[in-house]
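Colleague: with the sequence up front, the predicted model follows.
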Amino acid sequence: MLRSDRWSYINNTVCPWHAGQEDALRDLRGVMFEILMFPVLSSIYANAAATRGKTCSVTDADGKKEGYEYDYIFNSSHPQEIVVVELKGYN
C-alpha cells in the first residue's frame, strides 16, 4: 500500500469527525482555546482577580430570566474595572 493510500485509509476509518464526534471535537477545541488564552489574558490583567466559567442570570422587566455564560471575568482594583471575556474561535 502506498503511503498516500495508507493515510487515506487511516483518515477515512479512525478520524473522529467520521465517527459522529463532530460536536465533541468542537467542544474540545473550544476548551483548549480557553485554556491557552488564560495566560495571555492574565498577563494583560496582571493585577486582577480572575473567575473562570461564570454564569449570570438577569431578570428583565417582564419577569423572564435570561442566563449568560462567560469564559472569564477579571475584577481589578487598580485601575478599578471589571472585564468580561467570552472567547470565540473562528476558522
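Modeller: That came in fine, so what should we check first? Model, not experiment: these values are computed from the prediction.
Colleague: which one's the longest helix in this structure?
Modeller: Using DSSP state H, we find that the single longest helix of the chain is helix 22-44.
Colleague: name the residues of the helix or strand just after it that are buried.
Modeller: Remark: after helix 22-44, the chain's next helix or strand is strand 48-59, criterion DSSP states H and E. Residues Ala48 are the ones in strand 48-59 that count as buried (16 or more other C-beta atoms under 10 Å). The C-beta positions use only the backbone N, C-alpha and C, and glycine is treated the same way.
Colleague: neighbouring strands for strand 48-59, and are they parallel or not?
Modeller: strand 65-77 (antiparallel) (DSSP bridges).
Colleague: follow-up on the earlier one: now the longest helix of the chain: buried residues?
Modeller: Applying 16+ other C-beta under 10 Å to helix 22-44 flags 34, 38, 41 as buried.
Colleague: quick one: contacts for the closest residue in space to Gly67 that isn't next to it in sequence?
Modeller: When the adjacent residues along the chain are set aside, Gly67 lies closest to Ser57, with 5.1 Å between them (C-beta to C-beta, 6 or more residues apart in numbering). Going by C-beta atoms under 8 Å, 6 or more residues apart in numbering, Ser57 touches 65-68.
Colleague: now rank the residues you listed by neighbours and give me the top one.
Modeller: Counting neighbours by other C-beta atoms under 10 Å, the top entry in these is Tyr68, with 11 neighbours.
Colleague: nearest spatial neighbour of that residue, skipping sequence neighbours?
Modeller: Leaving out its chain neighbours, the residue that sits closest to Tyr68 by C-beta to C-beta, 6+ apart is Cys56, at 5.1 Å.
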